[in-house]
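Colleague: Next input, structure requested:
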Amino acid sequence: MPQLEVDGAALTYDDDGPRDGDGVPLVFIHGWTANRHRWDHQVDHFSQKRRVVRLDLRGHGESDGSGRRTVAELAGDVLTVLDHLELDRFVLVGHSMGGMIAQTLTLAHPERVERLVLVSSISRMTYSRGRGLLMAFSTRVPFKVFVAANIQRAFAPGYPREKIREYVRASADTPREVVMTCYGAMRSFDVLDRLGEIRTPTLLVHGYHDIQLPVSQMLRMAKDYPDAVVRIVDAGHELPVEKPAELTAVVDRFVTDQP
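Modeller: Okay, here's the model as predicted:
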């Protein structure tokens, strides 16, 4: 379990797969209150043939440190890890907040990003009515209640409740300061008017039942991407774990140029 000290935080990362594998390395970035293991299915698949890197963002999973106040600062953490690993060019795959980080990195360093995959993510933070109300009351309810309410909404109807409880417990382990600071970073995130600058081939994958970041918001941004492919999956917001095999297959086709 390698770690890298970055601006007062020990960031935990995995660096798997053959160094001389097929294609450029894949870099997976998880979302808010999650950790790098959201990508277990995808990493198990892709690391058989190519180099794969994933990390726990600061304050999440097995990384320590306080929260970052902007998505750009979170992106700086990721870039520091990639520079440490001497990855000059890569495919970025980001889920939710991780997709915001991936867009920020692509805008700042387009020459380094071969392809961009955004899973259940958007370019301007606009909450659904239900989640907006939940966030408005975030400081008035116990932290674990707030986390549980958010995570339970993230899954499509019918997803096993015992599995949801596991993710609720894991998310509640993220320190409150990190959760709320990163929430503020997402709240101020807005690159919607800059999407025309992203010439990188982009895959937008979204769950049809996503009520955290509704699919209509993703479609709004999709029209502004010069070179984008859109895929809608029968799932909620947590695509990497709700439909892991389906997501892996969609990403695999995109990064290997299969029809």
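Colleague: which residues in the stretch 151-259 of the chain form strands?
Modeller: Using DSSP state E, counting those that start in this stretch, the strands of the stretch 151-259 of the chain run over 202-207, 228-233.
Colleague: pull the CA atoms of the first one into PDB?
Modeller: Going back to what we said before, that points to strand 202-207. Below are the C-alpha coordinates for strand 202-207, written out as PDB (Å, rounded to 0.1, in the frame of the first residue of the first chain):
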ATOM      1  CA  THR A 202     -14.900  11.900 -24.100                       C
ATOM      2  CA  LEU A 203     -17.300   9.200 -22.800                       C
ATOM      3  CA  LEU A 204     -20.200  10.300 -20.700                       C
ATOM      4  CA  VAL A 205     -21.800   7.400 -18.800                       C
ATOM      5  CA  HIS A 206     -24.800   8.000 -16.600                       C
ATOM      6  CA  GLY A 207     -27.400   6.100 -14.600                       C
END
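Colleague: tell me the mean pLDDT over it?
Modeller: Averaged across strand 202-207, the pLDDT comes to 97.
Colleague: Can you mark which positions in stretch 247-259 are buried?
Modeller: 247-248, 250-251, 254-255 (16 or more other C-beta atoms under 10 Å). Every C-beta, even on glycine, is put in place using the N, C-alpha and C of the backbone.
Colleague: quick revisit: dump the strands of the stretch 151-259 of the chain into a markdown table; add mean neighbour count as well.
Modeller: Output for these, formatted as a markdown table (neighbours: other C-beta atoms under 10 Å):
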| stretch | mean neighbour count |
| --- | --- |
| strand 202-207 | 25 |
| strand 228-233 | 16 |
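Colleague: I'd like the ones you listed written out as a markdown table, with distance to residue 184 added.
Modeller: As requested, these are arranged in a markdown table below (distance: least, C-beta to C-beta, whole Å):
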| stretch | distance to residue 184 |
| --- | --- |
| strand 202-207 | 24 |
| strand 228-233 | 28 |
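Colleague: Mind checking these for the one nearest to residue 22?
Modeller: strand 202-207 (17.9 Å; C-beta to C-beta).
Colleague: Just checking: what are the partner strands of that closest one?
Modeller: strand 113-119 (parallel), strand 228-233 (parallel) (DSSP bridges).
Colleague: can you put those strands in TSV and add mean pLDDT?
Modeller: Formatted as TSV, the strands paired with strand 202-207 follow (pLDDT from 0 to 100):
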stretch	mean pLDDT
strand 113-119	97
strand 228-233	95
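Colleague: Redo these as a markdown table? Include distance to residue 194.
Modeller: What follows is the strands paired with strand 202-207, written out as a markdown table (distance: least, C-beta to C-beta, whole Å):
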| stretch | distance to residue 194 |
| --- | --- |
| strand 113-119 | 13 |
| strand 228-233 | 14 |
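Colleague: Between the ones you listed, which one is closest to residue 105.
Modeller: With C-beta to C-beta as the criterion, residue 105 lies closest to strand 113-119 of those, at 6.7 Å.
Colleague: ok, residues contacting the closest one?
Modeller: Applying C-beta atoms under 8 Å, 6 or more residues apart in numbering, the set of residues contacting strand 113-119 from outside is 24, 89-96, 98-99, 102-103, 105-106, 198, 200-206, 218, 239-240, 247, 251, 254-255.
Colleague: No further queries at this time; thank you.
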